[in-house]
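Asker: take a look and give me a structure for this.
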Amino acid sequence: MRPVISLLCLVLSASLAAQERRPSEKHDFVVEVITDELVYPWGMAFLPGGDFLVTERPGRLNRVSPSGQVRPVDGAPRVATAGQGGLLDVALDPDFPDNERIYLCYAAGGIAGAGTELAAATLDGDALRDLETLFVAEPKVHGGRHFGCRIAFDEAGHLYLALGERDKRALAQDLSSHHGGVMRLNRDGSVPADNPFVGRDDARAEIFTYGNRNPQGMARHPDTGAIWELEHGPQGGDEVNVLVPGGNYGWPVVSYGGEYGSGRPIGEGETKPGIEDAVHYWNPSIAPSGLAFYRGDAFPEWNGSLFVGALKYRLLSRLELDGERVVAEERLLEGELGRIRDVRVGPDGYVYLLTDNSPGMLARLRPGS
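Answerer: You can find the predicted model right below:
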């Protein structure tokens, strides 16, 4: 019984800590727990009317009310839950108020192994209907690591899907494989005619970027419209990148991190001509997950900041930007709430977090005054 008692004490401690007023460099804030009854939550989206859609990695999609009531949504796809796999990200169609369409990213199994897939469905109350698989990452491979699985949209409505290299390093530089890159799709799953590798026999037409190790966050810049991506490095070298069409982000040819255990450099160094440099990186690794630009009235002094959750140090990182340069970092809530898996900015201007635990939290940061 001791592990159960310890876990309950940890959750209780985090809940009590969340009720305290917190100082920061720009704003005081309070953390409010909306619910602490989730099982390894992974991704979230904001529904009109105030409800949330929240995925749980073991395979459940939930509808959570503003008061914290958790209701399962029927009809989610079957997922592979080995290792880091499962039901991962969720996103609303840019035209959701008109079409009620949502997108789900998840790990799916097959004879040859497992891989990342993307599906779309219509949300009908507490159920999904007309579930349709739009994209299947190929080839399927064995193993339970590095599925990636974040979703973002550009201003034109194209869908970006970030994929890990499945812990098979060579795949990240292999354009005949989807793994280890960011895909750019039309919302029906077809390939945009202006994708950078369209027409090449040696490349997958869906690929927008490659050389990405294990993306865990993706967001559109509110001013420039550029898609920014966040990925895990090995032992150190977690990266924030600005995506450019056809860009090679280096893994494993170059890396800011080192081999697990020995720390030996990986590849040919940290940078190389023809390979895109990171906007920011962490050494030692913080195991970042979730990425959100702040734009809102609730915390005006945070406008323009980039928020990143962290699994390893159990913190929320606030990065201050000057264009595409990170000029300062403030670390919030370190070691207080648990492993932060996702971070989003809500329509109300509050910052929302998911913690990667069981039980896990959906919580929000609101002004402290």
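Asker: hey, let's count contacts and neighbours off CA atoms from now on
Answerer: Noted.
Asker: for the protein, what's the longest strand?
Answerer: With secondary structure taken from DSSP state E, the chain has its longest strand at strand 113-124.
Asker: show me what that one is packed against.
Answerer: Of the remaining helices and strands, those touching strand 113-124 by 3 or more CA pairs under 8 Å, 6 or more residues apart in numbering; DSSP states H and E are strand 101-110, strand 127-136.
Asker: buried set for the last one?
Answerer: The reference is to strand 127-136. Ala127, Leu128, Leu131, Thr133, Leu134, Phe135, Val136 (16 or more other CA atoms under 10 Å).
Asker: same check, this time on stretch 87-98
Answerer: In stretch 87-98, counting by 16+ other CA under 10 Å, buried: Leu87, Leu88, Asp89, Val90, Ala91, Leu92, Asp93, Pro94.
Asker: show me what contacts His320?
Answerer: Residue 320: Glu, not His. Contact partners of Glu320, counting by CA atoms under 8 Å, 6 or more residues apart in numbering, are Gly304, Ser305, Leu306, Val326, Val327, Ala328, Glu329.
Asker: and the next element down the chain from the helix or strand where it lies?
Answerer: In this assignment (DSSP states H and E), Glu320 forms part of strand 315-322. The helix or strand immediately downstream of strand 315-322 is strand 325-332, counting by DSSP H and E.
Asker: identify the residues contacting whichever helix or strand comes after that following strand?
Answerer: Note on strand 325-332: by DSSP H and E, the next helix or strand toward the C-terminus is strand 340-345. Strand 340-345 is contacted from outside by 41-44, 288-295, 307-311, 314-316, 351-356, using CA under 8 Å, 6+ apart.
Asker: and strand 340-345, which strands flank it?
Answerer: strand 351-355 (antiparallel) (DSSP bridges).
Asker: who does the helix or strand that the strand it pairs with is followed by touch, helix- and strand-wise?
Answerer: With elements assigned by DSSP H and E, the helix or strand that comes after strand 351-355 is strand 360-367. Strand 360-367 sits against strand 29-38, strand 351-355, with contacts defined as 3+ CA pairs under 8 Å, 6+ apart.
Asker: run the last query once more with 10 Å
Answerer: helix 2-18, strand 21-22, strand 29-38, strand 41-46, strand 52-56, strand 340-345, strand 351-355 (3 or more CA pairs under 10 Å, 6 or more residues apart in numbering; DSSP states H and E).
Asker: tell me what angle the last one forms with strand 29-38.
Answerer: Using axes from the mean of the first three to the mean of the last three CA atoms, to 10 degrees, the direction of strand 351-355 lies 40 degrees away from that of strand 29-38.
Asker: and the angle from strand 351-355 to strand 41-46?
Answerer: Going by the same axes, to 10 degrees, strand 351-355 makes 150 degrees with strand 41-46.
Asker: for Gln216, list the residues it contacts.
Answerer: Residues in contact with Gln216, defined by CA atoms under 10 Å, 6 or more residues apart in numbering, are 89, 146-151, 162-164, 229-232, 287-291, 308-309, 341-342.
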